[in-house]
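Novice: The sequence isn't on hand, but the structure is:
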């Protein structure tokens, strides 16, 4: 009877020490992942969607599972760098164009051509709360890039 109580006191004591000291010792951790309330309006992600010839927009599901997510992170990072200086705007524009050409080339390879698509969209998704206190997702097209604008810049693959 005393062993379970002593064991529980030791475990609680170790966890208390780890939390107060801010150090980690497996399996105890002071990691405070959920210690603060989160504001939904501060979050947003960028995704890539494809526009078919008939106008329907579908999410791009790359064979490289997390690649569209990485593209979104890079686009978000580039947008955060943008400011009023011409030099920075030029660098951001060039880096964004390079990234979009890379995305268009990968879509062309994965989809077996671009004949069934006319453009791709960069969509910013932000969560919010409606009048009924329900979580909603707001999708906003940040850019629509016709494939014709980018395919002429692919170049020939190296042999």
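Specialist: All right, it came through fine. From a predicted model like this one, the values you see are computed outputs, not experimental measurements. Residues are numbered from 1 along each chain as shown.

Novice: how about the biggest helix by length in the chain: buried residues?
Specialist: Counting residues, the longest helix found in the chain (DSSP state H) is helix 86-111. With burial defined by 16 or more other C-beta atoms under 10 Å, the residues of helix 86-111 counted as buried are 92, 96, 100-101, 103-108. For every residue, glycine as well, the C-beta is placed using N, CA and C.

Novice: ok, now how distant is the closest residue to residue 61 other than its chain neighbours from residue 117?
Specialist: When the adjacent residues along the chain are set aside, residue 61 lies closest to residue 68, with 7.7 Å between them (C-beta to C-beta, 6 or more residues apart in numbering). Going from residue 68 to residue 117 by C-beta to C-beta, to the nearest Å gives 15 Å.

Novice: Over to residue 57?
Specialist: In terms of C-beta to C-beta, residue 57 sits 10 Å off from residue 117.

Novice: Give me the pLDDT for residue 113.
Specialist: On pLDDT, residue 113 comes in at 79.

Novice: residues near it, how many?
Specialist: Using other C-beta atoms under 10 Å, residue 113 has 9 other residues around it.

Novice: quick one: contacts for it?
Specialist: Residues near residue 113 by C-beta atoms under 8 Å, 6 or more residues apart in numbering: none.

Novice: returning to that earlier point: tell me which of the buried residues of helix 86-111 is nearest to residue 63?
Specialist: Taking C-beta to C-beta as the measure, residue 63 lies nearest residue 106 of these, at 8.9 Å.

Novice: contacting residues for the closest one?
Specialist: Residue 106 neighbours (C-beta under 8 Å, 6+ apart): 62, 64, 67.

Novice: so what does the helix or strand bottoming out on mean pLDDT in the chain touch, helix or strand wise?
Specialist: Ranked by mean pLDDT, DSSP states H and E, the weakest helix or strand in the chain is helix 147-151, scoring a mean of 73. With contacts defined as 3 or more C-beta pairs under 8 Å, 6 or more residues apart in numbering; DSSP states H and E, helix 147-151 has these neighbours: helix 86-111, strand 117-129.
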